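A.B. asks: What follows is a predicted structure for the sequence shown.
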Amino acid sequence: MIDLRSDTVTKPTQAMRLAGFDAEVGDDVFEEDPTVRQLEERAAEMFGKEAALYVTSGTQGNQAAVLTHCNPGEEIIMEANAHLFLYEGATMSALAGVQPRTIQGERGAMSPDDVEAAIRKDDIHFPETSLICLENTHNKAGGAILPWDNMKAIHEIGQRYNIPVHLDGARIFNASVATGISVKEYASLTDTVQFCLSKGLGAPVGSILVGPKSFIKRARKWRKRLGGGMRQAGVIAAPGLVALNEMVDRLEEDHEHAKNLAESVNSISGLEVEGKVETNIVLINVKETGMDAEAFLAKLKEQGVLAVPFGPYTIRMVTNKEVSAEDLPEVKKQLEKCVQA
Ligand SMILES: Cc1ncc(COP(=O)(O)O)c(CN[C@H](C(=O)O)[C@H](C)O)c1O
């Protein structure tokens, strides 16, 4: 099987497995696991933030951030197709008691004017706006990179209204490798960032939440309330350190593969790439084939290629380290066979 469903399918390298095997460990609820400490310190330093918290997933990192930033009855501004809104089980409402205020963006980028207009005035009828969420790269927009000026303008609005900005940076390293802007520079335009070790970087588990020391201290307690207090987690944090130290630059290869894949798709009549391919995600419209996304994917799976539905006639392919350059001609061949069938 050639698995293009997501970059979440990446498997740990031998170096990661050995690092986990040899990891020095301790009880991380007592903050005594030296490897988790090392990973958190490395992440905080890379992002130029005071502190960091190792969490079990991107969702846990995002939700711990919401629970720490916000109070029940408040409102959060986010893009209409944000992962926080589409794919996190309405946890912000279920657990934090906050409501999302979604704004339709352009390739995932909200207009700063729309963001400012959405900020609630002081009125007995209104919830208070307590957080602005960004997502870079933007998953639903096809791995789109938020423009620097867009993030800068929204951050300035947040500062002017004293509203923090949280970045869902699950794939922020993809944005950084594609633009040459460091994650530290990106993080300077946000108050807190969640980023994934377990996607393109290839770690088996986890994400990291970075932010001010006082914030991370409170987020650590929210993680505990969510059942995320871990014991000898050095065993899984050590692979995360390897991911951070060794697996960032190779993301360029995933981006090259995605561009190569997009060219192949556009050469097949009946298929069309949706939007631009800037990082590791390729959205493909299959409507011309006469099949919907589910039917097309079922046929593709029979032929040994996996992808996911991303709309009635859209499929998503995500290049990742488990898919080599040698796999790409085979993907093209199987796509052609699907169209001709
Ligand atoms: C932008 C963003 N933020 C957060 C998350 C959540 O990360 P996890 O909870 O899966 O670790 C994801 C995962 N995205 C997954 C994928 O793309 O296959 C699925 C959709 O949940 C994400 O894409």
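C.D. replies: Alright, I've got the coordinates.

A.B. asks: show me where this structure has helices.
C.D. replies: 14-22, 34-47, 58-69, 83-86, 91-94, 112-118, 148-160, 172-179, 183-187, 213-225, 234-246, 251-266, 293-302, 328-340 (DSSP state H).

A.B. asks: who in this structure is up against the ligand?
C.D. replies: Taking CB under 6 Å from any ligand atom as the contact definition, the chain meets the ligand at 6, 8, 57-59, 83, 87, 135, 139, 168, 170, 196, 198, 207. Yep, even glycine has a C-beta here, placed from its N, CA and C like the rest.

A.B. asks: per-residue pLDDT, the closest residue to the ligand within the stretch 151-300 of the chain?
C.D. replies: Residue of the stretch 151-300 of the chain nearest the ligand, by CB to the nearest ligand atom: Ala170 (3.4 Å). Predicted confidence (pLDDT) for Ala170: 98.

A.B. asks: and what of the one 4 residues further on?
C.D. replies: Confidence per residue is given as pLDDT, and for Asn174 that number is 98.

A.B. asks: And Gln340, by the same measure?
C.D. replies: 89.

A.B. asks: In contact with it, which residues?
C.D. replies: Taking CB atoms under 8 Å, 6 or more residues apart in numbering as the definition of contact, Gln340 has no neighbours.

A.B. asks: For the residue in the stretch 1-150 of the chain that the ligand sits nearest to, grab the count of nearby residues.
C.D. replies: Using CB to the nearest ligand atom, the single residue of the stretch 1-150 of the chain nearest to the ligand is Gly58, 2.5 Å away. When neighbours are counted by other CB atoms under 10 Å, Gly58 registers 27.

A.B. asks: my guess is it meets Ser207, correct?
C.D. replies: Yes - using CB atoms under 8 Å, Gly58 is in contact with Ser207, at 4.6 Å.

A.B. asks: List the contacts of the residue nearest to Ala187 when sequence neighbours are not counted.
C.D. replies: In this structure, Ala187 finds its nearest non-sequential neighbour in Phe47, 4.2 Å apart by CB to CB, 6 or more residues apart in numbering. By CB under 8 Å, 6+ apart, Phe47 lies in contact with 183-184, 187, 193, 195, 210.

A.B. asks: now, the most widely separated pair of these?
C.D. replies: Farthest-apart pair in the contacts of Phe47 is Lys184 and Phe195; separation 12.1 Å (CB to CB).

A.B. asks: more crowded one of those two?
C.D. replies: Comparing Lys184 with Phe195 by other CB under 10 Å, the one with more neighbours is Phe195, at 29 against 13.

A.B. asks: show me the residues around the more buried one that make contact.
C.D. replies: 43, 47, 58, 61, 169-170, 172-173, 183, 207-208, 210.

A.B. asks: Just name the closest of these to Gly304, please.
C.D. replies: Ala170 (27.6 Å).
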